[in-house]
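*Asks:* Show me the folded form of this:
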Amino acid sequence: MYQAVLVDDESYIIEDLLTAIDWSGYNIEISFSTTSPLEALEYIRTHAVHLLITDVSMPQMSGIELIKAAKDINPLLTAIVLSAYNNFEYVRSAMRNGAENYLLKPLDPNDLTESISQFANNMQEREKISRSFGASILTFRSNFAEQWVKNLLSPNELSERATLLGINVDSDNYTVVIFNSPSSDSLKMSEFYDMLLSSLVGNCMSTIYFESPQRLVCILSMVGQVRDIKKLVIEEAEQKSSLLDFPLFISVGTTVGFYTNVPESYAVAHTMLYLTYSQLPYFLYHQNLYGISKCLDDQFSPLNSSAVFQLDDYLLAARRIFTAASTSESAYHVCLLMLPYLLRKLTKDIIELPMRYPSITTMIAALPKKGLQQKQYLDFSLNFIQECSNAILLSQNEFPFVDAVIKAVHDFSDKDISLKTLAIKLNMSPSYLGNMFKKQTGYYFNDYLAEARLNYAAHLIESSDLKMKDIVDQVGFSSQTYFNRSFKRYFNVSPVAYRRNKKISSLTS
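*Replies:* Numbers count the residues shown, from 1 in each chain. The predicted structure is shown next:
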């Protein structure tokens, strides 16, 4: 488990932190808590610590001084600052000295949950990156890029941090491009990064981070006379990949016109990364695919929100969509864009596909090429759905206790559900249950719980006339403000707008 240290000169704050969230649900253990920053520093000096949460204003040593000293001991330490003062100078000083986030007192458990979720989800990949590329890649600039594409910062926070780091967010175009390799050769990925960076200088602005040793994420914006940034990047990347004899898949998201819309481009690019295991060298999203994407989302999102994979429902939905496809080309794109909905039921990250689901990976490698008959794309898609169903059933039989956790989550009758309470019922340790849950589903328990609640809330918003506050209470969110923020981040629309759009859609269909 990841080890965390809590420091605050007020003992009751530490007590509140200890019980504020389900730490074990994120595979975190509070290994040391103290009111003395000097004691905390000595503990960090002699123990392996991954996370430091500290107050800013303390008598012996300020939190900023503590972070700086702790980072000198362990440069990879993640630090979160707590303060009763919403002071920009405090924020800037904390960030310059290595803090990854800044939370205000009185502490909102929901804000803490978001910060800890981000830490837990990034920790494993960052450890891989550290082993492959060294500590220098784990800079705040890299962290900022990751927070930007994953929509983890408010517009004000994003603008302020970009200004501090000298990153331009005033462009009128942004495109997220993800370079993903099936190879685990991190040295060649590092060489590719160096070569790509040199070719981008002067042609476009770029903010880049390693999401894993096998994956490079770039936020690009064209400058000067360069008008086709997508073509430029694909050509340059293919050339560098060929020179290095390094297999690489390039996924290009939509081009958006404002910095706050960058997560939309990232979501599209990330969704199509499964094509890494196909014969396609790249995927380029264009606006003509929007109608197909909307149709697929209407058909498959309700099915994906269910804990149980209903094979017949998926097969029927696929047949409906292919019936509506009027040309061979549209059927081809339906096939490409449909598969991610199925893969989400298997894993959260396609890096795991070859090891966990080799038969699925083999099918992706045999993806039908463009220009075939519509029936060939339909047949492939139906067979793919069947194979995914077989894989899901096999996983559930192999890990019945994880299936029990999933069923408990989707029951929604227990608003206080946690990994600890479920572990007690299943007679096992929370850490063991959490590790197995992550291994099978690709999710940390708390993230899975939050996503399930959001999907259930969306179902209630669409299918009932319940007031928003009643829906918030029924699905188990602690506050309406946190629910609204989480819902908009997940669905890219507010709960009220979601209900209005669904009503309009039902009237026009």
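*Asks:* Which element is encountered next along the chain beyond the helix or strand of the chain with the lowest mean pLDDT?
*Replies:* Least confident helix or strand of the chain, by mean pLDDT, DSSP states H and E, is helix 88-96 with a mean of 65. Following helix 88-96 in sequence order, the next helix or strand is strand 101-104 (DSSP states H and E).
*Asks:* buried stuff in that following strand?
*Replies:* Going by neighbour count (16 or more other C-beta atoms under 10 Å), the buried part of strand 101-104 is Asn101, Tyr102. All C-beta atoms are positioned from the backbone trio N, CA, C, and that covers glycine.
*Asks:* CA-only coordinates of that strand in PDB, if you can.
*Replies:* Provided in PDB are the C-alpha atoms of strand 101-104 (Å, rounded to 0.1, in the frame of the first residue of the first chain):
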ATOM      1  CA  ASN A 101      -2.500  20.500  -4.800                       C
ATOM      2  CA  TYR A 102      -3.800  23.100  -2.400                       C
ATOM      3  CA  LEU A 103      -6.900  22.600  -0.300                       C
ATOM      4  CA  LEU A 104      -8.700  25.100   1.900                       C
END
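*Asks:* quick one: average pLDDT of it?
*Replies:* Averaged across strand 101-104, pLDDT comes to 80.
*Asks:* strand partners of it, parallel vs antiparallel please.
*Replies:* Applying DSSP bridges, strand 101-104 is found paired with strand 78-83 (parallel).
*Asks:* And the contacts of the partner strand?
*Replies:* Strand 78-83 is contacted from outside by 8, 13, 50-57, 63-64, 67, 70-71, 90, 94, 98-105, 107, 115, 119, 123, using C-beta atoms under 8 Å, 6 or more residues apart in numbering.
*Asks:* Please repeat the previous calculation with a cut-off of 6 Å.
*Replies:* 51-53, 55-56, 63, 67, 90, 94, 98-103, 105, 115, 119 (C-beta atoms under 6 Å, 6 or more residues apart in numbering).
*Asks:* filter these to the buried ones?
*Replies:* 51-53, 55-56, 63, 67, 90, 94, 98-102, 105, 115, 119.
*Asks:* Now do the spatially most central residue of the chain against Tyr448, distance only.
*Replies:* Residue closest to the average C-alpha location in the chain (C-alpha atoms, centre = their mean): Lys150, at 6.0 Å. Remark: distance between Lys150 and Tyr448 (C-beta to C-beta, to the nearest Å) = 17 Å.
*Asks:* With Leu454 instead?
*Replies:* From Leu454 to Tyr448 the distance is 11 Å (C-beta to C-beta).
*Asks:* do the same with Cys388
*Replies:* From Cys388 to Tyr448 the distance is 19 Å (C-beta to C-beta).
*Asks:* more neighbours, those two?
*Replies:* Cys388 (23 against 19; other C-beta atoms under 10 Å).
*Asks:* other SSEs contacting the helix or strand the more buried one falls within?
*Replies:* Secondary structure assignment for Cys388, by DSSP H and E: helix 374-398. Where contact means 3 or more C-beta pairs under 6 Å, 6 or more residues apart in numbering; DSSP states H and E, helix 374-398 is packed against helix 311-324, helix 328-343.
*Asks:* How about the secondary structure of Leu372?
*Replies:* coil (DSSP: H, G, I helix; E, B strand; the rest coil).
*Asks:* neighbours of it, just the number please.
*Replies:* Leu372 - counted by other C-beta under 10 Å - has 14 other residues nearby.
*Asks:* That one: what's its closest spatial neighbour, skipping adjacent residues?
*Replies:* Nearest residue to Leu372 in three dimensions, chain neighbours excluded: Ser328, at 6.7 Å (C-beta to C-beta, 6 or more residues apart in numbering).
*Asks:* again, but for Ala84
*Replies:* Once flanking residues are discounted, Ala84 sits nearest to Lys105: 4.4 Å by C-beta to C-beta, 6+ apart.
*Asks:* Roughly how far does that neighbour sit from Ile116?
*Replies:* For Lys105, the distance to Ile116 - C-beta to C-beta - is 17 Å.
*Asks:* Also Val256?
*Replies:* Taken as C-beta to C-beta, the span from Val256 to Ile116 is 29 Å.
*Asks:* Look at the two and report which has more neighbours.
*Replies:* The neighbour comparison of Val256 against Ile116 (other C-beta under 10 Å) goes to Ile116, with 26 against 19.
*Asks:* how far away is the more buried one from Val268?
*Replies:* Ile116 is 28 Å from Val268, by C-beta to C-beta.
*Asks:* now swap in Met355 and tell me
*Replies:* On the measure of C-beta to C-beta, Met355 and Val268 end up 26 Å apart.
*Asks:* Of those two, which one has the most company?
*Replies:* The neighbour count for Met355 versus Val268, taken as other C-beta under 10 Å, is higher for Val268 (22 against 9).
*Asks:* For the more buried one, list the residues it contacts.
*Replies:* So Val268 contacts Gly253, Thr254, Tyr285 (C-beta under 6 Å, 6+ apart).
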